[in-house]
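>>> just to be clear, the model below is a prediction. Sequence and coordinates:
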Amino acid sequence: MIPSNALSDSHSQNQSPSESPRGSKRGKFHRFWQCFWLTSLVVSLPYAWYSFYVPSNSIAWANDYATAQRQAVQSDKQIILFFTGEWCVPCRIMKRNVWADDLVAATVHAKFVPVMIDVDDPDAADALRRYNVGSTPKTIITDPDGNVLRQKEGGMSKAEFLGLLQPVNRSDSNDM
């Protein structure tokens, strides 16, 4: 038989957290963290979507490097090589903030033959090796023969990109 004072001691030890003053504090603390993580989730999901969202653009991209080179020779335009990857967040930001811009599209169409090269595409191995691409995004401007005129590694703003597109005098680059 269990003594009656033992039952009352065990009953006082099994009180629910809401009945004790200490449990009340724990409940408020737990509620705070629930609200904190819920708020973090609500704020971070739209940001994650925005980071990976890429609007369409009006750039007439060449299908591959060889096609771009043929078009550049025929039109006597320079080539813009944009090395990217599906997983590359800075590339997506450039696609959203730079390539989708109307002024950038008009400038590119007027003076360049653009080609977007996916670094994960096995067919792009020759271009990756030729231009020593080790990271993305990487933007290279070449003459129609494929000689590098300018290049920039990493993401760029619209202003930086338009600055990169400024003409280089071909006679100056040949004299160097």
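Great, that's in hand. Numbers count the residues shown, from 1 in each chain.

>>> what is the longest helix belonging to the chain packed up against?
Longest helix in the chain, counting residues (DSSP state H): helix 21-52. Packing partners of helix 21-52 (3 or more Cβ pairs under 8 Å, 6 or more residues apart in numbering; DSSP states H and E): helix 89-94. Any C-beta I mention is one placed from the backbone N, CA and C, and that applies to glycine too.

>>> may I have the helix it packs on as PDB, with CA atoms only?
Output of helix 89-94 as PDB, limited to C-alpha atoms (Å, rounded to 0.1, in the frame of the first residue of the first chain):
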ATOM      1  CA  VAL A  89      22.000  33.300 -58.200                       C
ATOM      2  CA  PRO A  90      24.200  36.300 -59.300                       C
ATOM      3  CA  CYS A  91      23.600  35.200 -62.900                       C
ATOM      4  CA  ARG A  92      19.800  35.200 -62.300                       C
ATOM      5  CA  ILE A  93      20.100  38.700 -60.700                       C
ATOM      6  CA  MET A  94      21.900  39.900 -63.800                       C
END
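
>>> give me the helices and strands touching it, please.
For helix 89-94, the packing partners by 3+ Cβ pairs under 8 Å, 6+ apart are helix 21-52.

>>> list the buried residues in the helix or strand just after the helix it packs on.
Moving toward the C-terminus from helix 21-52, the next helix or strand (DSSP states H and E) is helix 65-75. For helix 65-75, a neighbour-count test (16 or more other Cβ atoms under 10 Å) marks 65, 68-69, 71-72 as buried.
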